[in-house]
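[1] sequence and predicted structure below; questions after.
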Amino acid sequence: MLENNPAGNRFGETIRAARQSKGLSQAQLGMLCGYENRKTAENTVQFWEYGTKPVPIDRLRRLCAALDLPLDALIP
């Protein structure tokens, strides 16, 4: 589990594990999800992984595509 990550944040843990297995940085993943500014992209993925902000519905499909994950892998 991530340090400082709220217990039970399986969603964020899944994103992190899939991102790392694909060799992507947080910034790269955020940019694949449509965030154009590198710092914004990185911060946004950090928020998702730590469970501090939800993934906007319009970015969820891009996130799944970037990580080659079905939607049900992220949603329990």
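    Cool, got the structure. Numbering: from 1, shown residues only.
[2] how about low-confidence regions in the chain?
    Scanning the chain for pLDDT under 70 picks out 1-8, 76.
[3] give me the contact list for stretch 25-43.
    When contacts are defined by C-beta atoms under 8 Å, 6 or more residues apart in numbering, stretch 25-43 is touched by residues 15, 19, 24, 44-46, 49, 59, 62-63, 65-67. Glycine gets a C-beta too; all of them are placed from N, C-alpha and C.
[4] show me where the chain has helices.
    With DSSP state H as the definition, the chain shows helices at residue ranges 10-21, 26-32, 38-50, 57-67, 71-74.
[5] show me what the last one is packed against.
    Spelled out, that is helix 71-74. Taking 3 or more C-beta pairs under 8 Å, 6 or more residues apart in numbering; DSSP states H and E as contact, the helices and strands that helix 71-74 lies on are helix 10-21, helix 57-67.
[6] now do the contacts for the closest residue to P70 other than its chain neighbours.
    Across the structure, with C-beta to C-beta, 6 or more residues apart in numbering as the measure, the residue nearest P70 apart from its sequence neighbours is C64 (6.7 Å). C64 sits next to P70, L71, A73, L74 when contact means C-beta under 8 Å, 6+ apart.
[7] try 10 Å this time
    C64 makes contact with A18, C33, V55, P70, L71, D72, A73, L74, according to C-beta atoms under 10 Å, 6 or more residues apart in numbering.
[8] quick one: which of these has the most company?
    Of all the contacts of C64, the highest neighbour tally under other C-beta atoms under 10 Å goes to C33, namely 23 neighbours.
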